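J.: sequence and predicted structure, then a few things I'm wondering about:
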Amino acid sequence: MYRIFVVLFAVVWTGCSDQQFSGLGSGVSAPGPEISVNPPALDFGALREGEELMLTLQVTNVGKSELDVEQIEMRGMASFTLLSTDLNFRLPPGASKDVDVAFSPFEAPPNDGSVVFFSNDPARWAVEVPLVGEGAIPQLQIDPEPYDYGPEYIGCDETESFELRNVGGEDLVIDDIQYSGPAAFWLERSTLPALPIVLPPGESTPVEVTFAPEETTVVGGTLQVLSNDPRGWVEGVQSGEGEYFEEREDRFTVPEAPPVDILFAVDQSCSMDDDNARLASNFSSFIGTISSVTTGWRIGVVTRNNGCFKGGYLEESTSGYASRFNSAVLANDGGSNTEKLLTLSYDALQQTGSGCNSGFLRPSALLHVIMVSDEPEQSSTAWSTRVSQIQSFKSDPALVKLSAIAGDYPGGCSTAAAGTGYYQAVTATGGEFLSICSTSWLSHIDKLALASLEGLNEYDLSSADPDPSSFVVTVDGVEWTTGWVYDASTNQIIIEDEVEENAEIVVTYGVLATCK
């Protein structure tokens, strides 16, 4: 039995040796290569900015066959540098080689790194030597970093304070502070202390950055600080996202033949013959522009003291309406009120109830009074009184507009006071004041036609606080990037291009919040 036990033990021990197991601490060198690196760690201590310290590692082959060091690798912070250029070499048994490592502080807190030796040592194919050093230097920390403002309402803003802190061991001197990013971010420079800013170790100073989103996207900016920190410019990143208080969609249907009532009061004095001829010759352009938007127009021409329209009022269905308009303005049948067109207009409107102009006015229609004269307004009643009287025919004064083709104001064409009275009435009601001195009236007529259409293609938005930059306008499902404008004074979308009756107009937009 004893002899059998000894043989079995010998076989087991021999098997372990074949698997390269070795007795730790036996003092017997391995049969193959074996790497030894001393010291097992390097501590460079504390260095100031600009200082550098070199320490040496000794690599020794303590094995019984040649050691092949295949690679030496630096890991960790940039403060450590491997000075040796021979990164692979061979060592016979008992031979050694020095490897130099330098430390120059790049950051103030403990700097960590390591040197890793890769070799053909079968037991320790990678040996890592820890490195540690401390920088007695200034170091800037931006806190918080990074920072997310999160969602913020478009049109509002949020200001955040960021601490610039010296976490190093020497005075930090800040020479410049900048901000880089979209217009949604900005540095509150009015709150910055004077530069340079000197911060002893552990001290800090605040800076403020405001975020005011302009659109519903995530955006980012960068706070940039230049100091005597060895890193130079140090950056802190901020981000934020804009959102609307509400997303809204307004729908409108273009009405069929929206109504517009147009009254022409025309001076019939002898000096007006050529002017009235111009008015008549350009009527086709005027009514063409009107008809491109609505067939619901009515036109009356008043020239006589009784206030009755010459030939009654005209409509789209009136046979020969163009020739009838021309006949009316060229009649040369004016009376004593022919140069008192505010009075003449008022008299004509008084006849719209049960008088000779009955049925002309429609409650929802814009009333556009167009006066044509080369003389000043000569009513015995003040122009402001006449304007108020004309506006009284509508429940809403905004539905009344007065325009004029008259002498230039001030100065006139040949009469110094020409245009007086008409200019004031037009200005008071937001109409068009056009010079009768011009020999070409085509542009005049177009302006008067467009003024007559005001309000027909204007659509009130349901929110009083829209973001104008967010509007998307579609007509029957097709997006229009042109052909419309937004009037902030009335909070309306105005369709400028021709649009079909019964077309559906959809306006989508973001609603701005009431900021805190």
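T.: That came through, no problem. Numbers count the residues shown, from 1 in each chain.

J.: what about the residue most central in space within the chain, helix or strand, and which?
T.: A centroid search over the chain (CA atoms, centre = their mean) returns Glu214, at 4.0 Å, as the residue closest to the centre. Assessed by DSSP states H and E, Glu214 sits outside every helix and strand.

J.: that one and Asp157: what is the separation?
T.: If you measure Glu214 against Asp157 using CB to CB, to the nearest Å, the figure is 11 Å. All C-beta spots, glycine's among them, are computed from the backbone N, C-alpha and C.

J.: okay, domains of the protein per the record?
T.: 29-136, 140-243, 248-253+458-511, 260-452 (automatic domain parsing).

J.: most packed of the ones you listed?
T.: Among the domains of the chain, the stretch with the highest mean neighbour count (mean count of other CB atoms under 10 Å) is domain 260-452, at a mean of 19.

J.: now that domain, how far from the centre of its chain.
T.: Here the centre of mass of C-alpha atoms in domain 260-452, compared against the chain's by CA atoms, centre = their mean, to the nearest Å, lies 45 Å away.

J.: quote the end-to-end distance of it.
T.: Using CA to CA, to the nearest Å, the gap from the first to the last residue of domain 260-452 comes to 7 Å.

J.: any idea of the mean pLDDT in that domain?
T.: Average pLDDT, domain 260-452: 92.

J.: do the same with stretch 171-181
T.: Averaged over stretch 171-181, pLDDT sits at 96.

J.: export it to PDB, keeping only CA atoms.
T.: Taking C-alpha atoms only, stretch 171-181 is exported to PDB below (Å, rounded to 0.1, in the frame of the first residue of the first chain):
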ATOM      1  CA  ASP A 171      -4.900  81.300  -7.400                       C
ATOM      2  CA  LEU A 172      -7.100  81.000 -10.500                       C
ATOM      3  CA  VAL A 173      -7.100  84.100 -12.700                       C
ATOM      4  CA  ILE A 174     -10.000  84.400 -15.100                       C
ATOM      5  CA  ASP A 175      -9.200  86.600 -18.100                       C
ATOM      6  CA  ASP A 176     -12.200  86.200 -20.400                       C
ATOM      7  CA  ILE A 177     -15.700  84.800 -20.400                       C
ATOM      8  CA  GLN A 178     -17.600  84.200 -23.700                       C
ATOM      9  CA  TYR A 179     -20.700  82.400 -24.900                       C
ATOM     10  CA  SER A 180     -21.100  80.400 -28.100                       C
ATOM     11  CA  GLY A 181     -24.400  79.200 -29.400                       C
END
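
J.: can you pull the contacts of the closest residue to Leu461 other than its chain neighbours?
T.: Setting aside the residues directly before and after it, Leu461 is nearest to Asn491 in space (CB to CB, 6 or more residues apart in numbering), at 5.3 Å. Taking CB atoms under 8 Å, 6 or more residues apart in numbering as the criterion, Asn491 is in contact with Asp460, Leu461, Ala464, Pro466.

J.: coming back round to it: gap between the residue nearest to the centre of the chain and Leu512?
T.: According to CB to CB, Glu214 stands 11 Å off from Leu512.

J.: which residues do these two both contact?
T.: The overlap between the contact sets of Glu214 and Leu512 (CB under 8 Å, 6+ apart) consists of Ile154.

J.: gap between the host helix or strand of Glu479 and the chain center?
T.: Assigning secondary structure by DSSP H and E places Glu479 in strand 478-480. Relative to its chain's centre, strand 478-480 lies at 21 Å (CA atoms, centre = their mean).

J.: quick one: mean pLDDT for it?
T.: Here the mean pLDDT over strand 478-480 is 96, rounded to a whole number.

J.: that strand pairs with which strands, parallel or anti?
T.: Based on DSSP bridges, the strands next to strand 478-480 in the sheet, each with its direction, are strand 472-475 (antiparallel).

J.: can you dump the C-alpha atoms of the strand it pairs with in PDB for me?
T.: Included here for strand 472-475 are C-alpha records, laid out as PDB according to Å, rounded to 0.1, in the frame of the first residue of the first chain:
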ATOM      1  CA  VAL A 472     -48.800  77.500 -41.600                       C
ATOM      2  CA  VAL A 473     -51.600  78.500 -44.000                       C
ATOM      3  CA  THR A 474     -53.300  75.900 -46.300                       C
ATOM      4  CA  VAL A 475     -56.100  76.500 -48.800                       C
END
